[in-house]
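Got a sequence here, can you build the structure:
(one chain, ligands or ions: 1)
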Amino acid sequence: MIILLHIKLNCKKCNGISVKNGFQSNGTQRYYCKSCKLSQQKSYVYKAYGKHISYYIYKLLINSSGISDIGRVLNISNNTVNKRILSISKQIKLPIFNETNQSYEVDELKVSPMNKYWYVTYTINKRTKKVVDFIVGRRTKENLSRVINTLLLLSPKNIYTDRLIVYNSLIPESLHCNRKNQINRIERYHLNLRTHIKRLNRKTICYSKNLLMLEAVMKIYFWGDSLSWS
Ligand SMILES: [Zn+2]
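As a prediction, this is how the structure comes out:
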């Protein structure tokens, strides 16, 4: 009986019985769960397995740390950081807004000179300064209309934009304002983004190589505070 206890392990995923199943390349005993078919070890030496590592990644990411910075601080590999960022962003649910008759500002932020045609187009509530919707990618009519359509569903009072001509065809004239000095709040928000997100910093060698990662990082920055980190 004692021997049985020694060779078996309760699965960390499904709490089923795992049996010894060979060794890892570094010589550690490997266990295999018969019910969920997961291979696992009794304990791990790699830091990325730690419980709070996702929280630290989130905190560093929104405080102007790049992928390599996070990797060096937490002593985990860049690939792990990338994977974790994608998985954190997948956990974030899109916020639901139940507001009507509000004013919104829409603007586009150029990502960096390295990403020639990439923009972060987003919209904030003029009063609460909450980000309602965003899209990353080229500044096409199709992309912009997705952000604008989200706003139109909220039956807004006004929509403030810059003088990009595309907006004229997307926003009804009665709602649209594109005079000068009307989008001060979102322009200020741009500065926050440029300061708090490493890949949007100006005059650095940091930039996004992948649109998917950029989208994930923006989503985490805008709505990551809704996640629970217990
Ligand atoms: Zn299992």
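
contacts and neighbour counts: CA atoms only from here.
OK.

where does this protein have low pLDDT?
1-7, 49-51, 230 (pLDDT under 70).

give me that answer again for 90
Applying pLDDT under 90 to the chain flags residues 1-21, 24-29, 34-53, 75, 112-116, 179-182, 206, 226-230.

who in it is up against the ion?
11, 14, 33, 36 (Cα under 5 Å from the ion).

List only buried entries from these.
Using 16 or more other Cα atoms under 10 Å as the burial test, the residues of the chain next to the ion include 11, 33 as buried.

Report the contact partners of residue 147.
By Cα atoms under 8 Å, 6 or more residues apart in numbering, residue 147 lies in contact with 121, 122, 123, 133, 134, 135.

Repeat that for residue 187.
Residue 187 touches residue 107, counting by Cα under 8 Å, 6+ apart.

if I look at it, how far off is residue 23?
Per Cα to Cα, to the nearest Å, residue 187 is found 56 Å from residue 23.

Could you do residue 219 as well?
39 Å.

Then residue 115?
45 Å.

Compare these two (neighbour count), which wins?
Taking other Cα atoms under 10 Å, residue 115 and residue 23 do not tie; residue 115 has more neighbours (15 against 12).

thought the more buried one was touching residue 205?
No. Taking contacts as Cα atoms under 8 Å, residue 115 lies outside contact range of residue 205: 11.8 Å.

Find the nearest non-adjacent residue to residue 66, please.
Counting by Cα to Cα, 6 or more residues apart in numbering, residue 198 is the residue found nearest to residue 66 once chain neighbours are left out, at 5.3 Å.
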